[in-house]
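Chemist: Can you look at this prediction? I've put the sequence above it.
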Amino acid sequence: MTLLQGALVSVCVSLVLGGCGGDSAAPTQTQATEQQTAYRWKLITTWPKNLPGLGTAPERMAEQVRKMSNGRLDIKVYGAGELVGAFEVFDSVSRGTAEMGHGAAYYWRGKLPIAAMFSTVPFGMTAQEMNGWLNYGGGMELWRELYQPFGLIPLACGNTGVQMAGWFNREINSVEDLAGLKMRIPGLGGEVFQRAGGTPVALPGGEIFTALQTGVIDATEWVGPYNDLAFGLHTVAKYYYYPGWHEPGPTLEAIVNTDAWNALPEDLRTMLEVAVQATNDDMLSEFTARNKAALDTLVGEHGVELRPLPKDVLERLKAVSEEVVAEAAGENELAGRIYESYMGYLESVRAYHALSEQAYLNARLSPLEQ
Ligand code: CA
């Protein structure tokens, strides 16, 4: 190779790698190899494939990562049941069957009861408050500590905002009406429902419609108007109750296998984190924008009867919730620290939001809404 040919090769490499600075900025052999390596990942979810909102969010996230990385990190998304069942996502990502998963931490309550606090707590934090706790209040560090023994890294990846109490085929006029009611309701809310007299049933989203239609369950909660309309729940239940006392702002999770994460170069890790963070924010925007139109369709076109849960029912559920959540703290030392962190943050943010968000929302109510 002549000196001129050598110089041209050097220029080409600099252009390809985007580095034209001095020697100190020249890419190392390792960096050059990393920039040529494509990582093909599988992401398994607890949702039916492409379900609006919950299912489309990880698809959008994967597409953003693909574009940002110019195809170097290519994540293929699988719906529940395509590779593994909805409730097998945690174990499958832990084992490395897939590199990544998307779901909700309360689905792993049988294995890790305290994990529910990282999704939602009955009468607990809203979406805005969960994001504050996780990102700036010490919550994320505790979540990572909880999942670390399972070889998993958790990330907040979506929030639906306050959900609806759910769909019922009989009226709920008093606490007694909960007695013997078989209801699909996950997480700590399910435990509360049980102590209030009901029978909670754990079902993934994709099995709810048939279970309600065939009478396996008498009632169900799912998400809110946007997602519930998509499932057609109005065709198998008459009454739609609010508010979602059991899910006031559930955080959805992305979980990443720790070995897969460690194998990624730093730039791809950053792209993934940014896309997940964007998804976390975007989902809340989407549900906020679409729930009211879907509710209008449910009530106006399908004749759904919208009802508030009676005050005494909510008061009973709230009292039981305090017991259930406090008991979850006794599981072990880490559970105790998670409980203390969550409740400490909740107490503080609730006091501030009483005179900011809540005071404002109260002030904004029209006379008819008061
Ligand atoms: Ca729900």
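Modeler: Right, received. Where do you want to start?

Chemist: Low-confidence bits of the chain, can you list those?
Modeler: The chain contains residues with pLDDT under 70 at 1-27, 30-35.

Chemist: Give me every residue in it lying close to the ion.
Modeler: Within the chain, the positions lying close to the ion (CB under 5 Å from the ion) are Gln163, Glu221, Glu247. In short, each C-beta sits where N, CA and C put it, glycine included.

Chemist: Just the buried ones from these?
Modeler: With burial judged by 16 or more other CB atoms under 10 Å, the buried subset of these is Gln163, Glu221, Glu247.

Chemist: for the last one, what are its contacts?
Modeler: It refers to Glu247. Thr120, Pro122, Thr160, Val162, Gln163, Gly187, Gly189, Glu221 (CB atoms under 8 Å, 6 or more residues apart in numbering).

Chemist: Ramachandran coordinates for it?
Modeler: Glu247 adopts backbone torsions of phi -140, psi 80, taken as degrees, to the nearest 10.

Chemist: Could you measure from it over to Trp222?
Modeler: 10 Å (CB to CB, to the nearest Å).

Chemist: Which neighbours do these two have in common?
Modeler: Contacts common to Glu247 and Trp222, judged by CB under 8 Å, 6+ apart, are Gln163.

Chemist: where's Glu253, which helix or strand?
Modeler: Element membership of Glu253 [criterion: DSSP states H and E] is strand 251-257.

Chemist: Let me see the residues that make contact with that strand.
Modeler: By CB under 8 Å, 6+ apart, strand 251-257 touches 54, 57-58, 61, 89-90, 93-94, 96, 98-105, 118-120, 127, 130-131, 134, 147, 151-160, 272, 276, 279-280, 283.

Chemist: can I get the contacts of Glu247 in JSON lines with secondary structure?
Modeler: Shown next, in JSON lines, are those (DSSP: H, G, I helix; E, B strand; the rest coil):
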{"residue": "Thr120", "secondary structure": "coil"}
{"residue": "Pro122", "secondary structure": "coil"}
{"residue": "Thr160", "secondary structure": "coil"}
{"residue": "Val162", "secondary structure": "coil"}
{"residue": "Gln163", "secondary structure": "coil"}
{"residue": "Gly187", "secondary structure": "helix"}
{"residue": "Gly189", "secondary structure": "helix"}
{"residue": "Glu221", "secondary structure": "coil"}
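
Chemist: hmm, back to that, so what strands line up beside the strand holding Glu253?
Modeler: The strands beside strand 251-257 in its sheet (DSSP bridges) come out as strand 100-104 (antiparallel), strand 152-159 (antiparallel).

Chemist: Would you indicate which residues of it are buried?
Modeler: Under 16+ other CB under 10 Å, the buried positions of strand 251-257 are Thr251, Leu252, Glu253, Ala254, Ile255, Val256, Asn257.

Chemist: if I look at the residue nearest the centre of the chain, how far off is Ala98?
Modeler: In the chain, the C-alpha closest to the average C-alpha coordinate belongs to Leu252, at a distance of 0.9 Å (CA atoms, centre = their mean). Look at Leu252 and Ala98: by CB to CB, they are 17 Å apart.

Chemist: Enumerate the beta-bridge partners assigned to Ile153.
Modeler: Val256.

Chemist: likewise His102?
Modeler: Thr45, Ala254.

Chemist: hmm, back to that, possible to save the strands paired with strand 251-257 as TSV with mean neighbour count?
Modeler: Formatted as TSV, these follow (neighbours: other CB atoms under 10 Å):
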stretch	mean neighbour count
strand 100-104	28
strand 152-159	23
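
Chemist: check contacts around the residue of the stretch 51-200 of the chain found nearest the ion.
Modeler: Nearest to the ion in the stretch 51-200 of the chain, going by CB to the ion, is Gln163, at a distance of 4.9 Å. The contact partners of Gln163, by CB under 8 Å, 6+ apart, come to Glu221, Trp222, Val223, Gly224, Gly244, His246, Glu247, Pro248, Pro250.

Chemist: Kindly report the same for Trp108.
Modeler: With CB under 8 Å, 6+ apart, Trp108 has these contacts: Phe90, Ala115.

Chemist: change it to 10 Å
Modeler: By CB atoms under 10 Å, 6 or more residues apart in numbering, Trp108 lies in contact with 87, 89-91, 114-116, 118-119, 146-147, 150, 187, 253, 255.

Chemist: same thing with Arg337?
Modeler: By CB under 10 Å, 6+ apart, the neighbours of Arg337 are Ile114, Gly138, Leu142, Glu145, Leu146, Ala329.

Chemist: out of the residues you listed, who's nearest Pro204?
Modeler: Ile114 (21.4 Å; CB to CB).

Chemist: so Gly124 sits right up against Ser321, yeah?
Modeler: Yes - Gly124 lies in contact with Ser321 (CB atoms under 10 Å); the separation is 8.2 Å.

Chemist: Now do the shared contacts for those two.
Modeler: Joint contacts of Gly124 and Ser321 (CB under 10 Å, 6+ apart) are Leu188, Trp245, His246.

Chemist: JSON lines please, covering the residues you listed and showing secondary structure.
Modeler: Putting those into JSON lines (three-state DSSP) gives the following:
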{"residue": "Leu188", "secondary structure": "helix"}
{"residue": "Trp245", "secondary structure": "coil"}
{"residue": "His246", "secondary structure": "coil"}
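
Chemist: The chain: strands as residue ranges?
Modeler: In the chain, the segments counted as strands under DSSP state E are 39-45, 73-78, 100-104, 152-159, 166-168, 182-184, 199-201, 219-220, 239-242, 251-257, 305-308.
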